[in-house]
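[1] Return atomic coordinates for the entry below.
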Amino acid sequence: MSEHNHVVNKNGELDVSKVDDAMDRIDDKEKERILADFDAFQSYLSKRIQLAESIGLNEEQLAQAAEKVAGYLAANEEPRNSEEKLLQELWRVGTQAEQHQLAHLLVKLAQNRTAP
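    Numbering: from 1, shown residues only. Here you go, the predicted structure:
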């Protein structure tokens, strides 16, 4: 896969405009596995955040990416459980600033996740 398909370029710069494309590339079966259970979603998010931190993304960059992913999920995916439904409803009623803060909280939640 060429660099133009990646959300983070070789210089470590985040391009949130590519998040939708990256989300669309996830196989439907994999997407269902990730979203079917909130623990699986948290685990997936935690692994992606660890990867992003390992390549040098800072907290604000992580929140920007989380904000873009949350917006994508709210617009394109039906919630599969009560936790996702709550997050979707909070996202929809929140202002842009509140959505950004919620994205920060989702990053923190995933960073603090302990392995089952």
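
[2] alpha carbons only for contacts and neighbour counts from here, please
    Fine.

[3] buried ones in the helix or strand bottoming out on mean pLDDT in the chain?
    When each helix and strand of the chain is scored by mean pLDDT, DSSP states H and E, helix 19-24 comes last, with a mean of 80. By 16 or more other C-alpha atoms under 10 Å, the buried positions in helix 19-24 come out as 19-20.

[4] Quick one: distance of the one helix or strand residue 67 maps to to the chain centre.
    Element membership for residue 67, per DSSP states H and E: helix 59-76. Helix 59-76 has its C-alpha centroid displaced from the chain centroid by 5 Å (C-alpha atoms, centre = their mean, to the nearest Å).

[5] about what we covered before: CA atoms only: put the least confident helix or strand of the chain into CSV for me.
    Extracted C-alpha coordinates of helix 19-24, given in CSV (Å, rounded to 0.1, in the frame of the first residue of the first chain):
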residue,chain,number,x,y,z
VAL,A,19,-9.4,8.6,8.1
ASP,A,20,-12.7,8.0,6.2
ASP,A,21,-10.7,6.1,3.5
ALA,A,22,-8.9,4.1,6.1
MET,A,23,-12.2,3.2,7.8
ASP,A,24,-13.7,2.2,4.5
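
[6] ok, back up a step: state the mean pLDDT of the helix holding residue 67.
    Average pLDDT, helix 59-76: 92.

[7] Which parts of this structure are helices?
    Listed in chain order, the helices of the chain (DSSP state H) span 19-24, 28-35, 38-54, 59-76, 82-93, 96-111.

[8] right, and the ones you listed - which one's nearest residue 8?
    Residue 8 sits nearest to helix 38-54 of all the helices of the chain, at 8.8 Å, using C-alpha to C-alpha.

[9] How many neighbouring residues does residue 65 have?
    Other residues within reach of residue 65, judged by other C-alpha atoms under 10 Å, total 24.

[10] any idea how far residue 29 is from it?
    23 Å (C-alpha to C-alpha, to the nearest Å).
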